[in-house]
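In: generate coordinates for the sequence data below:
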Amino acid sequence: MLKGKAFKFGDNISTDLIVPGRLASLRSNLPELAKHVLEDADPSFASRVKPGDFVVGGSNFGLGSSREHAPIVIKMAGVSAVLAKSVARIFFRNAINRGLPVLLCDTDRIADGEELEVDMAKGTVRNVTSGEVLTFKPIPKAMLAILEEGGLIPYIQKYDDFKLE
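Out: Numbers count the residues shown, from 1 in each chain. A predicted model of the protein is given here:
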């Protein structure tokens with residue numbers, strides 16, 4: 001069960017809004033880059049987000065370039081999952097590979113600041129603030145296993161005796 005506060009963003013949140021291009025020099029310093037996550041969409045986000053909180057987007061979340069570090073710094077900021085009406089395919093794949101759940105649901109029914117509980121196995125989002133329960137298509141077992149290990153590399157290392165040097 002994931003629990004946290006919703007940080008609501010609109011439609012078309014691009015990877016450039018998640019990680020501004022002007023900060024490309026910080027890509028080799030991800031902890032520093034994480035301090036700037038989503039600052040062009042909400043300048044106070046990185047200072048207000050707490051471990052377990054959720055990024056809640058509208059349609060087409062994560063569009064744009066394939067910046068693999070976009071989901072990494074969202075996760076590093078403490079976000080437990082991204083909820084959105086739809087997401088860019090490459091962002092979705094990068095997020096799962098990096099251990100960040102991306103859940104597709106009707107985010108119009110979630111307001112900024114509301115408390116949420118997410119049950120990934122059941123495919124439910126309970127809005128603790130309003131009492132409403134939303135559903136999302138449960139994550140396939142293979143992807144859930146990858147997420148439970150923290151991403152694709154830890155999963156492969158654990159189950160395939162594959163070690164990166």
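In: just checking, what's the longest strand in the protein?
Out: strand 2-8 (DSSP state E).
In: can you mark which positions in whichever helix or strand comes after it are buried?
Out: Proceeding N to C from strand 2-8, the next assigned helix or strand is helix 15-18, under DSSP states H and E. Applying a neighbour-count criterion of 16 or more other Cβ atoms under 10 Å, one finds T15, D16, L17, I18 buried in helix 15-18. (Each C-beta comes from the backbone N, C-alpha and C, glycine too.)
In: distance between helix 15-18 and the chain's centre?
Out: 13 Å (Cα atoms, centre = their mean, to the nearest Å).
In: ok, and what's touching stretch 141-150?
Out: I96, N97, G99, L100, P101, M120, A121, I139, L152, Y155, K158 (Cβ atoms under 8 Å, 6 or more residues apart in numbering).
In: that stretch: which residues count as buried?
Out: M143, I146, L147, E149.
In: check the offset of the lowest-mean-pLDDT helix or strand in the chain from the chain's centre.
Out: Within the chain, no helix or strand scores below helix 152-159, which has a mean of 89 by mean pLDDT, DSSP states H and E. Here the centre of helix 152-159 is set off from its chain's centre by 20 Å, with Cα atoms, centre = their mean.
In: and that helix, what other elements does it pack with?
Out: Applying 3 or more Cβ pairs under 8 Å, 6 or more residues apart in numbering; DSSP states H and E, one finds that helix 152-159 contacts helix 89-97, helix 141-148.
In: ok so, going back, would TSV of the buried residues of stretch 141-150 with pLDDT be doable?
Out: Below are the buried residues of stretch 141-150 laid out as TSV (pLDDT from 0 to 100):
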residue	pLDDT
M143	92
I146	94
L147	94
E149	95
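In: no further questions, thank you.
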